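Trainee: predicted model and sequence below, questions to follow.
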Amino acid sequence: MPGTEVPAQFIPARNILADAIARAEKSALPASAITSALLVEILPRLVAEFGHQKCAFLLNKLADEVLADATGPGNAH
């Protein structure tokens, strides 16, 4: 998201998660199982980190940006 600052150690943390996701994909797990597991793991952590209100706000903002991207120039959605 534009203007969003990343926390310290973001790059190594992202690399660890990206590697774990890549391993899951290579193990032939269905994408739906991987994404469902990611959501189950991340949502409680988001609430713990930001609180219920801010977490809901961030998810709403993310949803708005996803929809804007889907309906933006060059997309026929």
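Mentor: Sure, I can see it. Numbers count the residues shown, from 1 in each chain.

Trainee: ok, Asp64 to Ser32 distance?
Mentor: As judged by Cβ to Cβ, to the nearest Å, Asp64 and Ser32 stand 24 Å apart. The way it works is simple: take the backbone N, C-alpha and C, and place the C-beta from them, glycine included.

Trainee: what strand or helix carries Thr4?
Mentor: Thr4 is part of no helix or strand when elements are defined by DSSP states H and E.

Trainee: can you check Leu29 too?
Mentor: Under DSSP H and E, no helix or strand contains Leu29.

Trainee: quick check: phi and psi at it.
Mentor: For Leu29, the backbone dihedrals are phi -70, psi 140 (criterion: degrees, to the nearest 10).

Trainee: for it, what are its contacts?
Mentor: Going by Cβ atoms under 8 Å, 6 or more residues apart in numbering, Leu29 touches no other residue.

Trainee: who are the neighbours of the top helix by length along the chain, in terms of helices and strands?
Mentor: Longest helix in the chain by number of residues (criterion: DSSP state H): helix 31-71. Under the contact criterion of 3 or more Cβ pairs under 8 Å, 6 or more residues apart in numbering; DSSP states H and E, helix 31-71 touches helix 10-26.

Trainee: show me where pLDDT drops low in the protein?
Mentor: Where the chain drops to pLDDT under 70, the residues are 1-3, 73-77.

Trainee: against Pro44, how distant is the closest residue to Val47 other than its chain neighbours?
Mentor: Spatial nearest neighbour of Val47, chain neighbours left out: Cys55 (4.9 Å); criterion: Cβ to Cβ, 6 or more residues apart in numbering. Distance, Cys55 to Pro44, using Cβ to Cβ: 10 Å.
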